[in-house]
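Participant: Pasted the sequence and its predicted model underneath.
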Amino acid sequence: MSNPQPTLARQARAIPRSGIRDVFDRVERVPDAISLCVGEPSFTAAPHIVEAACRSIQAGRTKYTNVLGIEGFRTAVASYSRRVKGLEYDSETEIQAVDGATIGLFLALKAVLDPGDEVIIPSPFFTSYDAEVMMCGGVPVYVALKPEHQMRLNADDIEAAITPRTRAVIINSPGNPTGAVTPADELARIADVCTRHNIWAISDEVYHPFVFGTGETDATDEDRNDVNDTPAYSDKGQTENVAERVIASASSRTAVNRPFPAAPSIAAAPGMHERTIVVESLSKTFAMTGWRIGYLLAPAAVIEQTSKIAELMHSSVNSTAQYAGEAALNGPMEPVVAMREDYRAKRRIVMDDLADCTALRLIEPEGAFYAFVDIRATRMDSATFARRLLDETSVAVVPGTAFGAEGEGFVRLSYAGDADELREGVRRLGAFAMRHGDPLLGRHTPAYHHLEIMA
Ligand SMILES: Cc1ncc(COP(=O)(O)O)c(C=O)c1O
């Protein structure tokens, strides 16, 4: 008789597996499936990035690096953050290279959470969030994103979930899976909540260049002048106005050099520098998902903790990816602008091709490269919808529940892939919904209310 295996940790077993993996497994079994699941660019890194990586290897720059990252990478991050987002971070003490946002998020949570601390997670959410909170001993507290708010973050809903154990709120805008972009004025209200309750904002901004339509911020000259001349304020009303203006215009502070309008960052709000941890990545912005390179922007006291933990986990980030990242951040931005325009065109395909489908309701996607489609008029739950769509039409989408229980009634489709496949996939999706849907329930009417449909 063989010996029984030693016990595995209860904490490890309790960590939920990503729901997206199940979908990928199923898609693999369907030959010629059109997958609208993939959450990564169909592009690869631009040639100057690849060349910089090759040059660094040929020059033998392949040793361990400073745990914060090579100086060139950190100064490139500082300059990029200033140009694109209007954020000021000290490359010596407030910036750390990490191997992608996923690990950056983990380090951020590890630095701020004690066991039992609560983290507010607007839901549906990127699949790592709650699992990583649990891995750090924290307790996820879900706050539903609402269709009537276009799935954007809402300060009142966040504040209502705060308890004495709340330590942080996770901000993700542009959002995965929703494609929602939270506007500057709402971020200013959330900043006010964070300040009054003394909690951290952990802001995942990996989709910041990909903002379209109403999500796109393009401050006026007047805003730009205001930011250099911010008046003192004393009451809350004034605080909100100032914060709103500062966030709106921060990303355009260096408007002359600004390569594209980016989504606003909560870190730009007054008082937020010292309580925000920005989690960033080159994965989406520069089509570098497999390179595993990103960074944290945070106050020095946070970086002291995250770098100590990172050193124990991996000594330093892959050196080649850092040299490539430096070239990406310092280099021409045309490839980013070209991707942005490509996603904008594909977003248009989704919106136009679903416009006549009265059995689906599309919340206008404002950013990232996802559309979050309301399927409740089919009266199927989202897992059933996704399974039957794949079985009957060979089109794969991700059920909303893969992103948290609050995603029930929706499916996520990614429009980052091939345009022809997208067009055909969306056509089949629309036809499937029309076959199974109650068109009256799905119609875009002012009277539409999700609770009525759910009842
Ligand atoms: C919102 C969000 N954050 C973080 C990540 C992970 O990024 P990275 O490749 O840098 O780990 C993703 C990937 O899909 C994402 O959608």
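Facilitator: Cool, got the structure. As the structure is a prediction and not an experimental result, all values here were calculated from the model.

Participant: Every contact and neighbour count from this point should use C-alpha atoms.
Facilitator: Fine.

Participant: burial count for whichever residue of the stretch 351-455 of the chain sits closest to the ligand?
Facilitator: Of all residues in the stretch 351-455 of the chain, Ala368 sits closest to the ligand, at 8.4 Å by CA to the nearest ligand atom. Neighbourhood size, Ala368 [other CA atoms under 10 Å]: 32.

Participant: heads up, I number from 9, so please use that
Facilitator: Sure thing, new numbering starts at 9, so read that last one as Ala376.

Participant: How about the contacts made by it?
Facilitator: Shown in contact with Ala376 (CA atoms under 8 Å, 6 or more residues apart in numbering): Pro182, Gly183, Asn184, Gly187, Ala188, Tyr215, His216, Phe218, Val219.

Participant: Out of those residues, name the ones that lie in strands.
Facilitator: Among the contacts of Ala376, no residue falls in strands (DSSP state E).

Participant: end to end, how far does stretch 30-44 reach?
Facilitator: 15 Å (CA to CA, to the nearest Å).

Participant: Can you tell me how far the residue of the stretch 359-463 of the chain closest to the ligand is from Leu368?
Facilitator: In terms of CA to CA, Ala376 sits 21 Å off from Leu368.

Participant: what's the answer for Ser64, then?
Facilitator: For Ser64, the distance to Leu368 equals 50 Å [CA to CA].

Participant: more neighbours, the two?
Facilitator: Ranked by neighbour count (other CA under 10 Å), Ser64 and Leu368 place Leu368 first, with 28 against 17.

Participant: That one contacts Ile383, correct?
Facilitator: Yes. The pair Leu368 and Ile383 passes the contact test of CA atoms under 8 Å, sitting 5.4 Å apart.

Participant: Could you look up the SS state of Glu349?
Facilitator: Following DSSP: H, G, I helix; E, B strand; the rest coil, the label given to Glu349 is helix.

Participant: cool, and Val127?
Facilitator: Criterion first, three-state DSSP; result for Val127: strand.

Participant: From the structure, what's the count of residues near Ile274?
Facilitator: Ile274: 32 neighbours (other CA under 10 Å).

Participant: How about Gly68?
Facilitator: A count of nearby residues for Gly68, using other CA under 10 Å, gives 10.

Participant: any idea of the pLDDT on it?
Facilitator: Predicted confidence (pLDDT) at Gly68: the value is 98.

Participant: where's it relative to the ligand, distance?
Facilitator: Counting by CA to the nearest ligand atom, to the nearest Å, the gap from Gly68 to the ligand is 26 Å.

Participant: Quickly find the element holding that residue.
Facilitator: Assigned by DSSP states H and E, Gly68 belongs to neither a helix nor a strand.

Participant: what about the strands in the stretch 259-408 of the chain?
Facilitator: In the stretch 259-408 of the chain, the strands defined using DSSP state E, counting those that start in this stretch lie at 284-289, 302-305, 369-370, 378-382, 403-404, 406-407.

Participant: And those strands, which one averages the lowest pLDDT?
Facilitator: For the strands of the stretch 259-408 of the chain, the weakest mean pLDDT is recorded on strand 369-370, namely a mean of 89.

Participant: List the strands paired with that one, with their directions.
Facilitator: strand 378-382 (antiparallel) (DSSP bridges).

Participant: Please name the residues that touch Val345.
Facilitator: Val345 is in contact with Pro267, Phe268, counting by CA under 8 Å, 6+ apart.

Participant: Got the phi and psi for the nearest residue to Pro130 once chain neighbours are set aside?
Facilitator: Using CA to CA, 6 or more residues apart in numbering and skipping the chain neighbours, the partner closest in space to Pro130 is Val151 (4.7 Å). When quoted as degrees, to the nearest 10, the phi and psi of Val151 stand at phi -120, psi 120.

Participant: quick one: low-confidence ranges for the stretch 259-408 of the chain?
Facilitator: Low-confidence segments of the stretch 259-408 of the chain (pLDDT under 70): 259-264.

Participant: Could you give the residue of it that lies closest to the ligand?
Facilitator: Counting by CA to the nearest ligand atom, the stretch 259-408 of the chain gets nearest the ligand through Ser289, at 4.4 Å.

Participant: in the stretch 9-158 of the chain, which spans are helices?
Facilitator: Here the stretch 9-158 of the chain has its helices, by DSSP state H, counting those that start in this stretch, at 18-22, 27-36, 55-66, 79-88, 109-120, 136-143.

Participant: Flag every residue of the stretch 209-358 of the chain that's near the ligand.
Facilitator: Asp212, Val214, Ser289, Ser291, Thr297, Gly302 (CA under 6 Å from any ligand atom).

Participant: just to revisit the earlier point, residue contacts, the residue nearest to Pro130?
Facilitator: Each residue near Val151 by CA under 8 Å, 6+ apart is listed here: Ile128, Ile129, Pro130, Ser131, Asp165, Ile166, Ala169.

Participant: Okay, the last one and Ile179: tell me how far apart.
Facilitator: In this case it means Ala169. In terms of CA to CA, Ala169 sits 14 Å off from Ile179.

Participant: Does Ala116 touch Glu288 like I think?
Facilitator: No. In terms of CA under 8 Å, Ala116 does not count as a neighbour of Glu288; the distance is 11.4 Å.

Participant: Next, count neighbours for the closest residue to Val38 other than its chain neighbours.
Facilitator: Excluding the flanking residues, the one nearest Val38 by CA to CA, 6+ apart is Ser402, at 6.9 Å. Ser402: 20 surrounding residues under other CA under 10 Å.
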